[in-house]
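S.K.: what's the 3D shape of this:
(one chain, ligands or ions: 1)
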Amino acid sequence: MPVPKKRKSPARRDRRRANHDKVTMPPMTYCANPECGAPVLPHHVCPECGQYRGEAVIEVVSEEEMEAKRKARKDRAKAAKAAKAGAGAPPPAKGEKKEDKEEEDDEDEDEKK
Ligand SMILES: [Zn+2]
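M.R.: Prediction:
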């Protein structure tokens, strides 16, 4: 296996990094919406107004609205789970299996606490 004979000096290393590892600004354009004009990556939907080439493509939601939506989704999932647990009683044919399931649910609750 080939091994470098000498360690590269810090100056040499830095000269290499100055050319090879530089971070350049992406080519930015501006939003076509005259009311917005925010800097946008080319061929991308504007994150400020949700328009692409002057046409509304996505709905822009504020952080507070997003948080409210997340909360509502969580609550709905919880309600659905509770309803499912309550509806689990009706089929009485599988008595033994049902008892097993209830025990598992209890274990899950213990783990959470
Ligand atoms: Zn825009």
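
S.K.: For the protein, which element, helix or strand, carries the lowest mean pLDDT?
M.R.: Every helix and strand in the chain was compared by mean pLDDT, DSSP states H and E; the lowest is helix 95-112, with a mean of 48.

S.K.: Can you tell me how far the closest residue to T29 other than its chain neighbours is from R13?
M.R.: Distance criterion CB to CB, 6 or more residues apart in numbering; nearest residue to T29, sequence neighbours excluded, is P42 at 5.0 Å. No exception for glycine: its C-beta is placed from N, CA and C like everyone else's. Remark: distance between P42 and R13 (CB to CB, to the nearest Å) = 34 Å.

S.K.: which one of these two has more residues nearby?
M.R.: Taking other CB atoms under 10 Å, P42 and R13 do not tie; R13 has more neighbours (11 against 8).

S.K.: Give me the residues contacting the helix or strand hosting that one.
M.R.: Assigned by DSSP states H and E, R13 belongs to helix 10-20. Here helix 10-20 makes contact (CB atoms under 8 Å, 6 or more residues apart in numbering) with K8.

S.K.: Report the distance from it to the chain centre.
M.R.: 36 Å (CA atoms, centre = their mean, to the nearest Å).

S.K.: could you point out which element follows that helix?
M.R.: According to DSSP H and E, the helix or strand after helix 10-20 is strand 29-30.

S.K.: where does the chain come near the ion, residue by residue?
M.R.: For the chain, the residues in contact with the ion (CB under 5 Å from the ion) are C31, N33, C36, A38, C46, E48, C49.

S.K.: Tell me the buried residues within these.
M.R.: When those are checked for burial by 16 or more other CB atoms under 10 Å, the buried set is C31, N33, C46, C49.

S.K.: so the third one touches T29, yeah?
M.R.: No - under the criterion of CB atoms under 8 Å, C46 is not in contact with T29, lying 9.9 Å apart.
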